[in-house]
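*Asks:* Sequence and predicted model, in that order:
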Amino acid sequence: MFKAPRGTADTLPANQPYWRFVEDKATAICNLYGYKRLDTPAFEDYNLFARTVGEGTDIVTKEMYTFEDRSGNVMALRPEGTASVCRAYLEHGMHNLPQPVKLYYLAAIFRYERPQAGRYRQHHQFGCEAIGDADPAVDAEVIDLVWQFYRSLGLKELTLHLNSIGCRVCRPAYLEALKHYYSSALNSLCPDCRNRFEKNPLRLLDCKEPACQAAADAAPATTRSLCQECGRHHDRLQKYLLRLDINFKFNHRLVRGLDYYTRTVFEIQTREAGAQTALGGGGRYDNLIEDLGGKPTPAVGFGTGIERIIQNLITQKSPVPPVARPVVFIAFAGDPARDAAFSLASDLRRSGISAVATLSSRSLKAQLKQADASGARHTVIVGEEELARGIVTLRDMGTSQQTTIPTSDLAARLSKT
RNA sequence: GUGGGCGUAGCCCAGUGGUUUAAGGCGCCAGGUUGUGGCCCUGGAGACCGAGGGUUCGAAUCCCUCCGUCCACCCCA
(Lines give C-alpha, C1' and ligand atoms only; values in the text may rest on other atoms or scores of the structure.)
Protein backbone atom coordinates (compact mmCIF):
# COMPACT_ATOMS: atom_id res chain seq x y z
CA MET A 1 0.00 0.00 0.00
CA PHE A 2 1.15 3.49 -0.76
CA LYS A 3 1.31 5.99 2.05
CA ALA A 4 1.76 9.72 2.06
CA PRO A 5 5.49 10.48 2.05
CA ARG A 6 7.15 10.80 5.42
CA GLY A 7 6.53 14.13 7.06
CA THR A 8 3.58 14.98 4.81
CA ALA A 9 -0.09 14.77 5.61
CA ASP A 10 -3.46 14.62 3.92
CA THR A 11 -5.85 17.31 5.02
CA LEU A 12 -9.06 15.36 5.46
CA PRO A 13 -12.55 16.84 5.19
CA ALA A 14 -12.83 16.74 8.98
CA ASN A 15 -9.85 19.10 9.30
CA GLN A 16 -10.82 21.45 6.48
CA PRO A 17 -12.75 23.82 8.75
CA TYR A 18 -9.52 24.72 10.50
CA TRP A 19 -7.72 25.38 7.24
CA ARG A 20 -10.59 27.38 5.84
CA PHE A 21 -10.75 29.42 9.03
CA VAL A 22 -7.05 30.23 9.06
CA GLU A 23 -6.86 30.97 5.34
CA ASP A 24 -9.97 33.14 5.45
CA LYS A 25 -8.58 35.15 8.38
CA ALA A 26 -5.24 35.54 6.60
CA THR A 27 -6.95 36.80 3.48
CA ALA A 28 -9.17 39.13 5.48
CA ILE A 29 -6.30 40.66 7.43
CA CYS A 30 -4.33 41.24 4.23
CA ASN A 31 -7.27 42.96 2.62
CA LEU A 32 -7.54 45.09 5.74
CA TYR A 33 -3.88 46.14 5.56
CA GLY A 34 -3.66 46.46 1.78
CA TYR A 35 -1.47 43.45 1.03
CA LYS A 36 -1.93 41.74 -2.32
CA ARG A 37 -1.65 38.04 -2.93
CA LEU A 38 1.29 36.65 -4.85
CA ASP A 39 1.64 32.98 -5.77
CA THR A 40 5.01 31.70 -6.88
CA PRO A 41 6.16 28.27 -8.12
CA ALA A 42 6.79 25.48 -5.65
CA PHE A 43 10.33 25.13 -7.01
CA GLU A 44 12.96 27.61 -8.12
CA ASP A 45 16.57 27.73 -9.21
CA TYR A 46 18.65 26.21 -6.43
CA ASN A 47 20.89 29.27 -6.29
CA LEU A 48 18.02 31.62 -5.49
CA PHE A 49 17.76 30.00 -2.07
CA ALA A 50 21.44 29.20 -1.62
CA ARG A 51 22.42 32.83 -2.09
CA THR A 52 19.71 34.42 0.01
CA VAL A 53 19.06 31.99 2.84
CA GLY A 54 22.80 31.40 3.09
CA GLU A 55 25.20 28.76 1.77
CA GLY A 56 26.18 27.71 5.27
CA THR A 57 22.74 27.54 6.86
CA ASP A 58 21.15 24.26 7.89
CA ILE A 59 18.27 24.94 5.53
CA VAL A 60 20.53 25.03 2.50
CA THR A 61 23.12 22.46 3.49
CA LYS A 62 20.91 19.69 4.77
CA GLU A 63 17.23 20.48 4.53
CA MET A 64 16.54 21.56 0.98
CA TYR A 65 14.91 19.26 -1.53
CA THR A 66 17.40 19.71 -4.33
CA PHE A 67 17.13 17.98 -7.68
CA GLU A 68 18.32 18.16 -11.23
CA ASP A 69 15.64 18.40 -13.87
CA ARG A 70 15.88 16.49 -17.13
CA SER A 71 17.89 19.28 -18.72
CA GLY A 72 20.43 19.30 -15.94
CA ASN A 73 19.24 22.50 -14.23
CA VAL A 74 19.68 22.39 -10.48
CA MET A 75 16.39 23.20 -8.81
CA ALA A 76 15.06 23.21 -5.27
CA LEU A 77 11.62 22.98 -3.71
CA ARG A 78 11.09 26.23 -1.84
CA PRO A 79 12.30 25.96 1.76
CA GLU A 80 10.91 29.39 2.69
CA GLY A 81 8.82 32.11 1.10
CA THR A 82 10.75 35.35 1.03
CA ALA A 83 13.32 34.60 -1.67
CA SER A 84 10.65 33.72 -4.23
CA VAL A 85 8.71 36.89 -3.51
CA CYS A 86 11.84 38.98 -4.00
CA ARG A 87 12.64 37.16 -7.21
CA ALA A 88 9.14 37.93 -8.48
CA TYR A 89 9.47 41.57 -7.37
CA LEU A 90 12.57 41.91 -9.53
CA GLU A 91 11.34 39.80 -12.43
CA HIS A 92 8.16 41.82 -12.82
CA GLY A 93 9.71 45.25 -12.30
CA MET A 94 7.68 45.95 -9.18
CA HIS A 95 10.06 48.76 -8.27
CA ASN A 96 7.98 50.76 -10.73
CA LEU A 97 4.95 50.41 -8.49
CA PRO A 98 4.31 52.75 -5.56
CA GLN A 99 6.65 51.67 -2.73
CA PRO A 100 6.49 49.77 -0.54
CA VAL A 101 5.02 46.91 -2.51
CA LYS A 102 3.00 44.88 -0.05
CA LEU A 103 2.50 41.22 -0.86
CA TYR A 104 1.31 38.08 0.86
CA TYR A 105 1.35 34.38 0.14
CA LEU A 106 -0.15 31.13 1.36
CA ALA A 107 2.17 28.40 0.20
CA ALA A 108 3.55 24.94 0.80
CA ILE A 109 7.10 24.92 2.14
CA PHE A 110 9.46 21.94 1.86
CA ARG A 111 12.30 20.96 4.14
CA TYR A 112 13.89 17.57 4.52
CA GLU A 113 13.71 17.22 8.28
CA ARG A 114 13.05 14.49 10.77
CA PRO A 115 9.33 14.89 11.49
CA GLN A 116 8.07 15.50 15.00
CA ALA A 117 5.25 17.36 16.69
CA GLY A 118 4.73 20.60 14.78
CA ARG A 119 7.45 19.85 12.27
CA TYR A 120 6.92 18.38 8.85
CA ARG A 121 8.66 17.91 5.53
CA GLN A 122 5.89 19.77 3.81
CA HIS A 123 4.24 22.50 5.78
CA HIS A 124 2.34 25.64 4.89
CA GLN A 125 3.09 29.24 5.61
CA PHE A 126 1.21 32.45 5.48
CA GLY A 127 3.66 35.26 4.92
CA CYS A 128 3.75 38.96 4.14
CA GLU A 129 6.49 41.10 2.63
CA ALA A 130 6.68 44.89 2.40
CA ILE A 131 9.35 45.75 -0.13
CA GLY A 132 10.83 49.17 -0.85
CA ASP A 133 10.61 51.17 2.36
CA ALA A 134 13.20 51.39 5.15
CA ASP A 135 11.06 53.21 7.69
CA PRO A 136 10.59 51.42 11.03
CA ALA A 137 6.88 52.23 10.74
CA VAL A 138 6.78 49.49 8.09
CA ASP A 139 8.38 47.00 10.49
CA ALA A 140 5.74 47.99 13.01
CA GLU A 141 2.93 47.58 10.52
CA VAL A 142 4.10 44.12 9.54
CA ILE A 143 4.33 43.06 13.17
CA ASP A 144 0.94 44.61 13.85
CA LEU A 145 -0.53 42.67 10.93
CA VAL A 146 0.63 39.29 12.14
CA TRP A 147 -0.27 40.13 15.73
CA GLN A 148 -3.81 41.11 14.77
CA PHE A 149 -4.01 38.02 12.59
CA TYR A 150 -3.34 35.81 15.62
CA ARG A 151 -5.83 37.82 17.64
CA SER A 152 -8.51 37.38 15.02
CA LEU A 153 -7.96 33.63 15.25
CA GLY A 154 -8.41 33.75 18.99
CA LEU A 155 -4.90 32.54 19.83
CA LYS A 156 -3.83 33.15 23.38
CA GLU A 157 -0.63 33.14 25.40
CA LEU A 158 1.53 34.57 22.67
CA THR A 159 4.76 36.41 23.25
CA LEU A 160 6.46 38.70 20.76
CA HIS A 161 10.24 38.50 20.95
CA LEU A 162 12.16 41.36 19.44
CA ASN A 163 15.78 42.09 18.65
CA SER A 164 17.97 44.00 16.24
CA ILE A 165 21.00 42.34 14.72
CA GLY A 166 22.44 45.41 13.03
CA CYS A 167 23.53 45.90 9.46
CA ARG A 168 26.61 45.61 7.25
CA VAL A 169 28.04 48.70 8.89
CA CYS A 170 27.86 47.70 12.52
CA ARG A 171 27.64 43.91 12.52
CA PRO A 172 31.32 43.16 11.79
CA ALA A 173 32.38 45.08 14.89
CA TYR A 174 29.74 43.30 16.93
CA LEU A 175 30.86 39.89 15.72
CA GLU A 176 34.40 40.79 16.75
CA ALA A 177 33.20 41.76 20.20
CA LEU A 178 31.19 38.54 20.44
CA LYS A 179 34.15 36.40 19.42
CA HIS A 180 36.34 38.23 21.83
CA TYR A 181 33.85 37.50 24.60
CA TYR A 182 33.63 33.82 23.69
CA SER A 183 37.30 33.23 22.96
CA SER A 184 38.26 32.71 26.57
CA ALA A 185 35.50 30.15 27.18
CA LEU A 186 35.78 28.08 24.00
CA ASN A 187 36.64 24.86 25.79
CA SER A 188 33.50 24.88 27.89
CA LEU A 189 31.23 25.18 24.84
CA CYS A 190 29.45 22.36 23.04
CA PRO A 191 31.03 21.09 19.78
CA ASP A 192 28.33 22.82 17.74
CA CYS A 193 29.17 26.12 19.32
CA ARG A 194 32.86 25.73 18.67
CA ASN A 195 31.93 25.26 15.05
CA ARG A 196 29.61 28.26 15.14
CA PHE A 197 32.41 30.33 16.60
CA GLU A 198 34.25 29.95 13.32
CA LYS A 199 31.43 29.81 10.79
CA ASN A 200 28.52 31.84 12.15
CA PRO A 201 29.26 33.44 15.51
CA LEU A 202 25.86 35.12 15.67
CA ARG A 203 24.25 31.73 16.14
CA LEU A 204 26.27 31.17 19.32
CA LEU A 205 23.55 33.17 21.02
CA ASP A 206 20.91 30.77 19.82
CA CYS A 207 22.39 27.59 21.34
CA LYS A 208 19.99 25.47 23.41
CA GLU A 209 22.69 23.43 25.19
CA PRO A 210 22.43 24.00 28.93
CA ALA A 211 26.20 24.33 29.15
CA CYS A 212 26.15 27.20 26.69
CA GLN A 213 23.13 29.00 28.09
CA ALA A 214 25.00 30.90 30.74
CA ALA A 215 27.61 32.03 28.27
CA ALA A 216 24.96 33.13 25.79
CA ASP A 217 22.93 34.91 28.44
CA ALA A 218 25.90 36.94 29.54
CA ALA A 219 27.12 37.64 26.02
CA PRO A 220 27.17 41.25 24.83
CA ALA A 221 23.87 42.27 23.27
CA THR A 222 23.75 43.09 19.59
CA THR A 223 21.86 46.23 20.42
CA ARG A 224 24.83 47.62 22.32
CA SER A 225 26.94 47.63 19.17
CA LEU A 226 24.40 49.06 16.74
CA CYS A 227 25.48 51.93 14.56
CA GLN A 228 23.63 55.20 14.91
CA GLU A 229 21.24 54.43 12.07
CA CYS A 230 20.41 50.96 13.32
CA GLY A 231 20.04 52.18 16.88
CA ARG A 232 17.65 54.90 15.81
CA HIS A 233 15.67 52.41 13.73
CA HIS A 234 15.39 50.05 16.67
CA ASP A 235 14.28 52.84 19.02
CA ARG A 236 11.68 54.15 16.65
CA LEU A 237 10.27 50.70 16.03
CA GLN A 238 9.80 50.22 19.77
CA LYS A 239 7.96 53.54 19.98
CA TYR A 240 5.66 52.48 17.18
CA LEU A 241 4.94 49.18 18.89
CA LEU A 242 4.08 51.01 22.10
CA ARG A 243 1.80 53.28 20.11
CA LEU A 244 0.12 50.16 18.66
CA ASP A 245 -0.24 48.78 22.17
CA ILE A 246 1.70 45.64 21.25
CA ASN A 247 3.72 44.17 24.09
CA PHE A 248 7.08 42.72 23.23
CA LYS A 249 9.88 41.06 25.05
CA PHE A 250 13.33 42.26 24.18
CA ASN A 251 15.42 39.16 23.49
CA HIS A 252 19.05 39.82 22.76
CA ARG A 253 19.58 36.15 21.91
CA LEU A 254 17.06 36.09 19.08
CA VAL A 255 19.03 35.86 15.82
CA ARG A 256 16.99 33.63 13.42
CA GLY A 257 18.39 30.95 11.17
CA LEU A 258 18.39 32.69 7.81
CA ASP A 259 21.35 34.81 6.78
CA TYR A 260 19.48 37.58 5.02
CA TYR A 261 18.13 39.40 8.05
CA THR A 262 19.31 42.88 8.98
CA ARG A 263 18.25 45.12 11.83
CA THR A 264 14.83 44.01 13.07
CA VAL A 265 14.25 40.35 13.84
CA PHE A 266 11.20 39.05 15.67
CA GLU A 267 9.50 35.83 16.57
CA ILE A 268 6.09 35.04 18.02
CA GLN A 269 6.19 32.18 20.47
CA THR A 270 3.52 30.14 22.15
CA ARG A 271 3.41 28.01 25.24
CA GLU A 272 1.43 25.20 23.70
CA ALA A 273 2.41 22.58 21.18
CA GLY A 274 5.40 20.82 22.67
CA ALA A 275 8.88 21.77 21.71
CA GLN A 276 7.92 23.90 18.74
CA THR A 277 7.36 27.26 20.32
CA ALA A 278 7.83 29.43 17.25
CA LEU A 279 4.51 30.20 15.62
CA GLY A 280 5.92 32.73 13.25
CA GLY A 281 8.82 35.04 12.74
CA GLY A 282 10.47 37.47 10.45
CA GLY A 283 12.41 40.62 10.19
CA ARG A 284 14.02 43.16 7.95
CA TYR A 285 16.20 42.13 5.00
CA ASP A 286 17.57 45.32 3.50
CA ASN A 287 20.26 43.69 1.36
CA LEU A 288 18.37 40.80 -0.15
CA ILE A 289 16.97 42.49 -3.25
CA GLU A 290 20.37 43.99 -4.00
CA ASP A 291 22.03 40.60 -3.53
CA LEU A 292 19.69 39.22 -6.17
CA GLY A 293 20.86 41.85 -8.64
CA GLY A 294 18.37 44.63 -7.99
CA LYS A 295 18.95 48.17 -6.83
CA PRO A 296 19.42 48.59 -3.08
CA THR A 297 15.90 48.02 -1.78
CA PRO A 298 14.97 47.73 1.90
CA ALA A 299 12.27 45.26 2.90
CA VAL A 300 10.64 43.58 5.85
CA GLY A 301 8.36 40.57 6.25
CA PHE A 302 7.30 37.54 8.22
CA GLY A 303 6.19 33.96 7.78
CA THR A 304 3.98 31.91 10.04
CA GLY A 305 3.26 28.19 10.07
CA ILE A 306 -0.33 27.18 9.44
CA GLU A 307 0.02 23.66 10.88
CA ARG A 308 1.34 25.12 14.13
CA ILE A 309 -1.46 27.64 14.28
CA ILE A 310 -4.02 24.88 13.81
CA GLN A 311 -2.28 22.76 16.43
CA ASN A 312 -2.69 25.65 18.84
CA LEU A 313 -6.34 26.15 17.92
CA ILE A 314 -6.95 22.48 18.63
CA THR A 315 -5.14 22.36 21.98
CA GLN A 316 -6.88 25.59 22.92
CA LYS A 317 -10.18 24.04 21.87
CA SER A 318 -10.98 27.14 19.85
CA PRO A 319 -14.24 26.89 17.97
CA VAL A 320 -14.01 27.27 14.21
CA PRO A 321 -16.84 27.86 11.76
CA PRO A 322 -18.35 24.56 10.61
CA VAL A 323 -18.37 23.43 7.02
CA ALA A 324 -21.34 24.17 4.83
CA ARG A 325 -24.14 21.66 5.08
CA PRO A 326 -26.58 20.80 2.32
CA VAL A 327 -29.92 22.56 2.50
CA VAL A 328 -31.90 19.52 1.54
CA PHE A 329 -31.61 15.78 1.20
CA ILE A 330 -33.73 14.06 -1.42
CA ALA A 331 -35.08 10.64 -0.53
CA PHE A 332 -37.39 8.40 -2.49
CA ALA A 333 -39.99 5.96 -1.24
CA GLY A 334 -40.04 2.96 -3.50
CA ASP A 335 -37.98 2.40 -6.61
CA PRO A 336 -40.52 3.82 -9.08
CA ALA A 337 -39.81 7.25 -7.58
CA ARG A 338 -36.04 7.00 -7.86
CA ASP A 339 -35.70 8.69 -11.21
CA ALA A 340 -37.98 11.53 -10.13
CA ALA A 341 -35.86 12.06 -7.00
CA PHE A 342 -32.72 12.02 -9.10
CA SER A 343 -34.10 14.71 -11.39
CA LEU A 344 -35.47 16.74 -8.51
CA ALA A 345 -32.03 16.94 -6.87
CA SER A 346 -30.56 18.14 -10.14
CA ASP A 347 -33.31 20.72 -10.64
CA LEU A 348 -32.78 22.14 -7.15
CA ARG A 349 -29.04 22.49 -7.71
CA ARG A 350 -29.71 24.35 -10.92
CA SER A 351 -31.73 26.77 -8.82
CA GLY A 352 -28.71 27.21 -6.56
CA ILE A 353 -29.97 25.05 -3.73
CA SER A 354 -27.49 22.65 -2.21
CA ALA A 355 -29.10 19.23 -2.53
CA VAL A 356 -27.82 15.76 -1.75
CA ALA A 357 -29.62 12.65 -2.91
CA THR A 358 -29.44 8.92 -2.47
CA LEU A 359 -28.23 7.54 -5.76
CA SER A 360 -28.65 3.83 -5.31
CA SER A 361 -31.64 1.77 -4.27
CA ARG A 362 -32.00 1.78 -0.50
CA SER A 363 -34.66 1.58 2.13
CA LEU A 364 -36.26 4.84 3.16
CA LYS A 365 -34.96 4.26 6.64
CA ALA A 366 -31.41 4.07 5.38
CA GLN A 367 -31.96 7.22 3.35
CA LEU A 368 -33.22 9.12 6.36
CA LYS A 369 -30.19 7.99 8.25
CA GLN A 370 -27.98 9.35 5.49
CA ALA A 371 -29.98 12.55 5.49
CA ASP A 372 -29.33 12.90 9.20
CA ALA A 373 -25.61 12.29 8.78
CA SER A 374 -25.40 14.81 5.93
CA GLY A 375 -26.54 17.56 8.25
CA ALA A 376 -29.23 18.71 5.83
CA ARG A 377 -31.92 20.86 7.45
CA HIS A 378 -34.68 19.36 5.36
CA THR A 379 -35.42 16.09 3.71
CA VAL A 380 -37.70 15.83 0.72
CA ILE A 381 -39.47 12.51 0.30
CA VAL A 382 -40.79 11.57 -3.12
CA GLY A 383 -42.99 8.50 -3.44
CA GLU A 384 -45.48 7.16 -5.90
CA GLU A 385 -48.32 8.89 -4.11
CA GLU A 386 -46.56 12.26 -4.26
CA LEU A 387 -45.59 11.70 -7.88
CA ALA A 388 -49.17 11.08 -8.86
CA ARG A 389 -50.30 14.30 -7.18
CA GLY A 390 -47.36 16.51 -8.22
CA ILE A 391 -46.28 17.14 -4.65
CA VAL A 392 -43.46 16.23 -2.30
CA THR A 393 -43.26 15.60 1.42
CA LEU A 394 -40.97 18.10 3.13
CA ARG A 395 -39.54 17.03 6.47
CA ASP A 396 -37.84 19.44 8.85
CA MET A 397 -35.00 17.45 10.32
CA GLY A 398 -34.83 19.55 13.42
CA THR A 399 -38.47 19.35 14.46
CA SER A 400 -39.51 16.21 12.54
CA GLN A 401 -42.51 18.16 11.23
CA GLN A 402 -43.71 17.12 7.78
CA THR A 403 -45.81 18.96 5.24
CA THR A 404 -46.66 18.35 1.65
CA ILE A 405 -46.16 21.07 -0.93
CA PRO A 406 -46.45 21.22 -4.69
CA THR A 407 -43.17 20.21 -6.35
CA SER A 408 -43.24 23.46 -8.28
CA ASP A 409 -43.09 25.47 -5.03
CA LEU A 410 -40.19 23.53 -3.53
CA ALA A 411 -37.29 25.63 -4.81
CA ALA A 412 -38.90 28.86 -3.70
CA ARG A 413 -39.73 27.42 -0.29
CA LEU A 414 -36.19 26.14 0.30
CA SER A 415 -34.59 29.39 -0.85
CA LYS A 416 -36.29 31.18 2.01
CA THR A 417 -34.65 29.03 4.68
C1' G B 1 22.08 12.94 11.27
C1' U B 2 21.51 11.25 16.93
C1' G B 3 18.53 9.16 21.09
C1' G B 4 13.97 6.95 23.21
C1' G B 5 8.56 5.04 22.94
C1' C B 6 5.21 2.56 19.77
C1' G B 7 3.33 -0.49 15.28
C1' U B 8 -3.31 -5.83 16.05
C1' A B 9 -9.84 -4.11 10.99
C1' G B 10 -11.31 2.97 8.45
C1' C B 11 -10.65 4.76 13.94
C1' C B 12 -9.76 3.57 19.48
C1' C B 13 -7.82 -0.74 21.33
C1' A B 14 -7.84 -6.25 24.48
C1' G B 15 -4.70 -10.20 23.87
C1' U B 16 2.67 -10.36 24.74
C1' G B 17 4.16 -16.85 31.44
C1' G B 18 4.19 -19.62 22.95
C1' U B 19 -0.53 -23.59 20.90
C1' U B 20 -7.31 -18.72 20.53
C1' U B 21 -12.75 -19.33 15.32
C1' A B 22 -7.46 -12.92 17.34
C1' A B 23 -11.94 -10.17 21.83
C1' G B 24 -14.48 -5.43 22.54
C1' G B 25 -16.06 -0.31 21.37
C1' C B 26 -16.84 3.55 17.44
C1' G B 27 -17.91 3.78 12.39
C1' C B 28 -20.00 1.08 8.02
C1' C B 29 -24.00 -2.34 5.86
C1' A B 30 -28.63 -4.94 6.77
C1' G B 31 -32.92 -6.26 9.72
C1' G B 32 -36.33 -5.24 13.93
C1' U B 33 -41.26 -0.84 11.36
C1' U B 34 -43.03 -4.11 3.15
C1' G B 35 -43.04 4.99 3.24
C1' U B 36 -39.43 7.74 7.58
C1' G B 37 -33.41 9.73 10.88
C1' G B 38 -31.12 10.92 15.75
C1' C B 39 -32.17 6.17 21.17
C1' C B 40 -32.43 0.83 21.68
C1' C B 41 -32.00 -4.46 20.07
C1' U B 42 -30.20 -8.27 16.50
C1' G B 43 -27.13 -9.82 12.61
C1' G B 44 -23.22 -8.98 8.90
C1' A B 45 -18.92 -7.32 6.33
C1' G B 46 -14.06 -5.75 7.57
C1' A B 47 -7.27 -8.00 10.29
C1' C B 48 -2.50 -12.35 5.58
C1' C B 49 -1.66 -9.19 13.95
C1' G B 50 3.92 -3.06 9.80
C1' A B 51 7.54 -6.03 6.31
C1' G B 52 11.28 -9.81 5.80
C1' G B 53 14.11 -13.50 8.10
C1' G B 54 15.19 -16.70 12.37
C1' U B 55 14.18 -20.02 16.85
C1' U B 56 10.22 -23.89 17.64
C1' C B 57 6.13 -29.42 16.81
C1' G B 58 3.59 -24.66 17.20
C1' A B 59 4.81 -17.31 17.07
C1' A B 60 0.39 -11.44 17.15
C1' U B 61 3.31 -13.13 21.45
C1' C B 62 10.65 -14.77 21.67
C1' C B 63 15.29 -13.07 18.61
C1' C B 64 17.47 -10.19 14.35
C1' U B 65 17.05 -6.71 10.31
C1' C B 66 14.34 -3.19 7.78
C1' C B 67 10.28 0.18 7.30
C1' G B 68 6.75 3.36 9.36
C1' U B 69 5.03 6.43 13.29
C1' C B 70 5.36 9.41 17.69
C1' C B 71 8.46 12.19 21.10
C1' A B 72 13.05 14.70 21.99
C1' C B 73 17.95 16.78 20.25
C1' C B 74 19.62 19.71 16.04
C1' C B 75 17.10 23.45 13.35
C1' C B 76 12.88 26.01 12.41
C1' A B 77 7.02 27.47 10.84
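*Replies:* Perfect, thanks for sending it.

*Asks:* What ranges does the stretch 1-150 of chain A have for its strands?
*Replies:* A:36-37, A:43-45, A:66-68, A:74-77, A:101-110, A:122-131 (DSSP state E, counting those that start in this stretch).

*Asks:* What's the mean pLDDT across the shortest one?
*Replies:* pLDDT averaged over strand A:36-37 equals 98, rounded to a whole number.

*Asks:* Who is A:Glu129 paired with across the strands?
*Replies:* With DSSP bridges as the criterion, A:Glu129 is bridged to A:Leu103, A:Gly301.

*Asks:* My guess is it contacts A:Gly303. True?
*Replies:* No: the pair A:Glu129 and A:Gly303 does not pass the contact test of CB atoms under 8 Å, sitting 9.2 Å apart. Every C-beta, even on glycine, is put in place using the N, C-alpha and C of the backbone.

*Asks:* Overlap of the contact sets of the two?
*Replies:* The contact sets of A:Glu129 and A:Gly303 overlap at A:Gly81, A:Thr82 (CB atoms under 8 Å, 6 or more residues apart in numbering).

*Asks:* The two - which one has more neighbours?
*Replies:* Per other CB atoms under 10 Å, whichever of A:Glu129 and A:Gly303 has more neighbours is A:Glu129, with 29 against 20.

*Asks:* For the more buried one, give its distance to A:His234.
*Replies:* According to CB to CB, to the nearest Å, A:Glu129 and A:His234 sit 20 Å apart.

*Asks:* Could you do A:Leu258 as well?
*Replies:* 19 Å.

*Asks:* and the two? which has more neighbours close in?
*Replies:* A:Leu258 (25 against 22).

*Asks:* what residues are up against the more buried one?
*Replies:* Applying CB under 8 Å, 6+ apart, we find A:Leu258 in contact with A:Thr52, A:Val53, A:Gly54, A:Thr57, A:Ile59, A:Glu80, A:Thr82.

*Asks:* quick one: pLDDT of the fifth one?
*Replies:* The model reports A:Ile59 with a pLDDT of 90.

*Asks:* for it, what are its contacts?
*Replies:* A:Ile59 neighbours (CB under 8 Å, 6+ apart): A:Phe49, A:Val53, A:Pro79, A:Glu80, A:Arg111, A:Gly257, A:Leu258.

*Asks:* Quick check: buried residues in stretch A:388-402?
*Replies:* For stretch A:388-402, the neighbour count (16 or more other CB atoms under 10 Å) marks A:Ile391, A:Val392, A:Thr393, A:Leu394, A:Arg395, A:Met397 as buried.

*Asks:* Is it possible to get the contacts of A:Ile59 out as CSV so that each row also shows pLDDT and distance to RNA strand B?
*Replies:* Formatted as CSV, these follow (pLDDT from 0 to 100; distance: CB to the nearest atom of the strand, whole Å):
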residue, pLDDT, distance to RNA strand B
A:Phe49, 96, 12
A:Val53, 93, 9
A:Pro79, 95, 9
A:Glu80, 95, 6
A:Arg111, 94, 5
A:Gly257, 83, 1
A:Leu258, 88, 6
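
*Asks:* What about those, which are in helices?
*Replies:* Using DSSP state H, the subset of those located in helices is A:Phe49, A:Val53.

*Asks:* Could you dump the contacts of A:Ile59 into JSON lines with distance to A:Val265 added?
*Replies:* Listed next are the contacts of A:Ile59 as JSON lines, based on distance: CB to CB, whole Å:
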{"residue": "A:Phe49", "distance to A:Val265": "19"}
{"residue": "A:Val53", "distance to A:Val265": "14"}
{"residue": "A:Pro79", "distance to A:Val265": "18"}
{"residue": "A:Glu80", "distance to A:Val265": "14"}
{"residue": "A:Arg111", "distance to A:Val265": "20"}
{"residue": "A:Gly257", "distance to A:Val265": "10"}
{"residue": "A:Leu258", "distance to A:Val265": "10"}
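
*Asks:* among the contacts of A:Ile59, who's most crowded?
*Replies:* Neighbour counts for the contacts of A:Ile59 (other CB under 10 Å) peak at A:Phe49, which has 28 neighbours.
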